[in-house]
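Student: here is a sequence together with a model predicted from it:
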Amino acid sequence: MENIVVAGGGTLGSQIAYQSAYFGKNVTVYDISDAAIAAAKEKINGWDANYRTDMHATDAQIKAAHDHLSFSSDLAEAVKGKELVIEAVPESLSIKESFYKQLSSVADPATIFASNSSTMTTSELSGYTDRPDKFLNLHFANHIWIQNTAEIMVSDKTSHATEQAVEQFAREIGMVPIVMKKEQHGYVLNAMLVPFLSSALALWGNDVAEPQTIDKTWMIATGAPRGPFAIMDEVGIPSLYTILSTSRTGNEPNGFDAGLDKLKALGDQGYAGQESGKGFYNYPNPAYADKDFLK
Ligand code: NAD
């Protein structure tokens, strides 16, 4: 698939568009208004520095990526003749519903649709499209050029050909496809990560141990380069609070609520995590990276 649309040029959409263009795909970014398009362009320009640093991109490669990008606020025009639409519109069921209904009415019958939704399964969205056989989830992680998993979730209506085409596309844009055998909220990664981080928070909430002690334990005992609280800093404390407080299952460990309250208090005091320079650790030189931390 060489000609694609990324719908929604926000945090993730701008990254998906850039990564695809960088790997030579012709990408049209669709967003709702001229103002949203202008914001998407600014976000996309901002990724240049990351690709230079992390991907060792040359000026010529950056220019080629930009040459592969176009923008439109007209959905019918954007999707005409395209093989794939990757949807990265806000995580709201009503926005997704109206987007897929509108998209279905204007897209070519052969176009495959893929959702980047973090919390909605393929079956939950598929009925809003006119083509459940050509619909699946393709879930990227933030900072997709380095955290390059592409989780692929299908419903029982998704065709094998659709799954294979999207898996191949994911490889072609430098991702490692993670093909799931069945639907799962949170895909593979968050289905593990959310309970892991919740357990760490519960230990802290219950005053069993301090965050750095918990991280140290995890790092020494498993050989991992970071512990759960360092991961929370990377996710960002306000975002993590939103994720954990909205994805409750009722099976949270004892102390989880107290841990969540402490997490919120930390965020409210401006300790927002790595991007803000401080969270459970101070950045850019967090204590866990010190050679004496594990003593
Ligand atoms: P965002 O708010 O940063 O961006 C959303 C974009 O969609 C904006 O550019 C907005 O103008 C546009 N938009 C709004 N309504 C629209 C519509 N009707 N049609 C087209 N575009 C519309 O959101 P985000 O964080 O990029 O999240 C987008 C999707 O990606 C969500 O489904 C989210 O679950 C998923 N996701 C986000 C992350 C993350 O770390 N932010 C990670 C993985 C997946």
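Tutor: Cool, got the structure. Residues are numbered from 1 along each chain as shown.
Student: show me the residue at the heart of this structure, geometrically.
Tutor: Nearest to the geometric centre of the chain sits A141, at 3.3 Å (CA atoms, centre = their mean).
Student: low pLDDT regions in the stretch 51-200 of the chain?
Tutor: Scanning the stretch 51-200 of the chain for pLDDT under 70 picks out nothing.
Student: returning to that earlier point: how much space separates the residue nearest to the centre of the chain from S126?
Tutor: Going from A141 to S126 by CB to CB, to the nearest Å gives 23 Å. C-beta coordinates here come from the backbone N, C-alpha and C atoms, glycine included.
Student: residues near the closest residue to the residue nearest to the centre of the chain other than its chain neighbours, how many?
Tutor: Among residues not flanking A141 along the chain, Q147 sits closest, at 4.1 Å (CB to CB, 6 or more residues apart in numbering). Counted by other CB atoms under 10 Å, the residues lying close to Q147 total 12.
Student: now swap in the one 4 residues further on and tell me
Tutor: E151: 24 surrounding residues under other CB under 10 Å.
Student: with P132 instead?
Tutor: 20.
Student: same question, G270
Tutor: 11.
Student: residue contacts, it?
Tutor: Contact analysis of G270 by CB atoms under 8 Å, 6 or more residues apart in numbering lists 276, 278.
Student: state the distance from it to A287.
Tutor: From G270 to A287 the distance is 19 Å (CB to CB).
Student: is G250 in a helix, a strand, or coil?
Tutor: Secondary structure, DSSP: H, G, I helix; E, B strand; the rest coil: G250 is coil.
Student: give me the distance between it and D67.
Tutor: From G250 to D67 the distance is 51 Å (CB to CB).
Student: now S239
Tutor: Counting by CB to CB - S239 and D67 are separated by 33 Å.
Student: and these two? Which one has more around it.
Tutor: Using other CB under 10 Å as the criterion, S239 and D67 rank with S239 on top: 15 against 10.
Student: quick check: phi and psi at the more buried one.
Tutor: phi -60, psi -40 (degrees, to the nearest 10).
Student: check it and give its pLDDT.
Tutor: We have a pLDDT of 88 for S239.
Student: quick thing: my sequence starts at 791, can you match it?
Tutor: Sure, I'll start numbering at 791, so the last one becomes S1029.
Student: could I get the contacting residues of the residue in the stretch 941-1085 of the chain positioned nearest to the ligand?
Tutor: The ligand sits closest to S1029 of the stretch 941-1085 of the chain, with a gap of 7.1 Å, by CB to the nearest ligand atom. S1029 sits next to no residue when contact means CB under 8 Å, 6+ apart.
Student: what of the one 5 residues further on?
Tutor: L1034 makes contact with 984, 987-988, 991, 1050, 1053 under the criterion CB under 8 Å, 6+ apart.
Student: return the subset of those residues lying in helices.
Tutor: 984, 987-988, 991, 1050, 1053 (DSSP state H).
Student: ok, and the most crowded of these?
Tutor: Busiest of those [other CB under 10 Å] is L991, holding 28 neighbours.
Student: so what secondary structure elements neighbour the helix of greatest length in the chain?
Tutor: Ranked by number of residues, the top helix in the chain under DSSP H is helix 824-844. On a contact count with 3 or more CB pairs under 8 Å, 6 or more residues apart in numbering; DSSP states H and E, helix 824-844 meets helix 801-812, strand 816-820, helix 849-857, strand 859-862.
Student: got the contact list for the second one?
Tutor: When contacts are defined by CB under 8 Å, 6+ apart, strand 816-820 is touched by residues 792-799, 803-804, 807, 810-811, 827, 830, 834, 858-865, 868-869, 872.
Student: close to the ligand: what parts of the stretch 841-990 of the chain are there?
Tutor: Taking CB under 6 Å from any ligand atom as the measure of proximity, the stretch 841-990 of the chain contacts the ligand at 878-881, 885, 889, 906-908, 929-930, 932.
Student: which ChimeraX command selects the buried ones in those residues?
Tutor: Of these, the buried ones go into a single ChimeraX selection, burial set by 16 or more other CB atoms under 10 Å:
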select :878,879,889,906,907,908,929,930
